[in-house]
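Novice: everything below, folded, please.
(one chain, ligands or ions: 2)
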Amino acid sequence: MKLSHQETEALERDGFIILPERFSMDEIAAMRARLPALFAEQSAANVIERHSGVVRTAMGLHLRDPLFADLVRHPRLIDPALQVLDAPAYVQQVKVNVKAAFSGEIWQWHTDFATHHGEDGVPEPLALNLHILLDEVTEFNGPLYFLPGSHRDGEHKARLDDKTTSYPLWVTDQDRVAHMANKYGMVSATGKPGTVLIFHDTLIHGSPNNMSPWDRAIFSLIVNPVSNAYTTNNRPDHKHHRDLTPITPVADDCLTKYVAGSDGEAGA
Ligand code: SIN
Ligand code: MN
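Specialist: Numbering: from 1, shown residues only. Ligands and ions are numbered 1, 2, ... in the order given. Next comes the predicted model:
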């Protein structure tokens, strides 16, 4: 499923696009059904919230569960990504950011590239972040905030913050956030389950604590051109996968076998 001309223009102009309900409720239910078992695993790839002890982010999921192995090659994610990148790309990072009701903590203001560059030595800000909303995301349960246009406006200075949360992140200075927000405004990325977000590596974004009684899980796949791969190995594999095999899309109905009531792996 390719992006229209209008969609590619909006992505270029704003640094992100929101594609409502690209995955069906059955497909989303199948994804969500895998999560409790994954969150229960004793794994370094499950990063725990500092205060509540619940899972903050569950990483490396395509290596831990067959549904997610299919999902990272899903044409509704990969066709648009390859269309934009126009180059062979590898799976850089795969996770579900949980942001549980009452206890999900902040993701500070940042660009993804700051961490990709600072931690993994990725040379250029070419990667794309592809999200699928697994819950309805509203103004209340910790949506992502985007600063539209910030991806193409000057240099992004960043510093490593390993104090604020349990996930070390290269964060953007508040002065720069204020300047960009006053210049361009701010958008909260809300939508129904199944909505897809695509955003650029240098787009400034973040998300607040979830103090609502509603969970806010988001699947995230980061893809990066093979020609722009990591140059250092500081972080564990689940934070930046080392396999540079180019992603090839699978069939659009690849999730059907995981949907409860289908003939495949139903309800497994
Ligand atoms: C979040 O899950 O709110 C943050 C996601 C991201 O930084 O890509
Ligand atoms: Mn990010």
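
Novice: distance of the nearest residue to residue 156 once chain neighbours are set aside from residue 117?
Specialist: Setting aside the residues directly before and after it, residue 156 is nearest to residue 111 in space (Cβ to Cβ, 6 or more residues apart in numbering), at 5.1 Å. No exception for glycine: its C-beta is placed from N, CA and C like everyone else's. To residue 117, residue 111 is 9 Å away according to Cβ to Cβ, to the nearest Å.

Novice: with neighbour numbers in mind, choose between the two.
Specialist: residue 111 (26 against 22; other Cβ atoms under 10 Å).

Novice: mind listing what the more buried one touches?
Specialist: 125, 150, 151, 156, 158, 170, 172, 201, 202, 203, 204, 205 (Cβ atoms under 8 Å, 6 or more residues apart in numbering).

Novice: returning to what we had before: need the pLDDT of the residue nearest to residue 156.
Specialist: pLDDT for residue 111: 97.

Novice: again, but for the one 5 residues further on
Specialist: Here the pLDDT value assigned to residue 116 is 96.

Novice: ok, for it, nearest residue in space, not its chain neighbours?
Specialist: Per Cβ to Cβ, 6+ apart, closest to residue 116 is residue 122, 4.0 Å.

Novice: any idea how far the one you found lies from residue 227?
Specialist: Taking Cβ to Cβ, one finds residue 122 at 11 Å from residue 227.

Novice: looking at those two, which is more packed in?
Specialist: Neighbours per residue (other Cβ under 10 Å) separate residue 122 from residue 227, with residue 122 holding more: 24 against 13.

Novice: just say helix, strand or coil for that one.
Specialist: Judged by DSSP: H, G, I helix; E, B strand; the rest coil, the three-state class of residue 122 is coil.

Novice: got a list of what residue 161 touches?
Specialist: With Cβ under 8 Å, 6+ apart, residue 161 has these contacts: 108, 168, 169, 170, 171.
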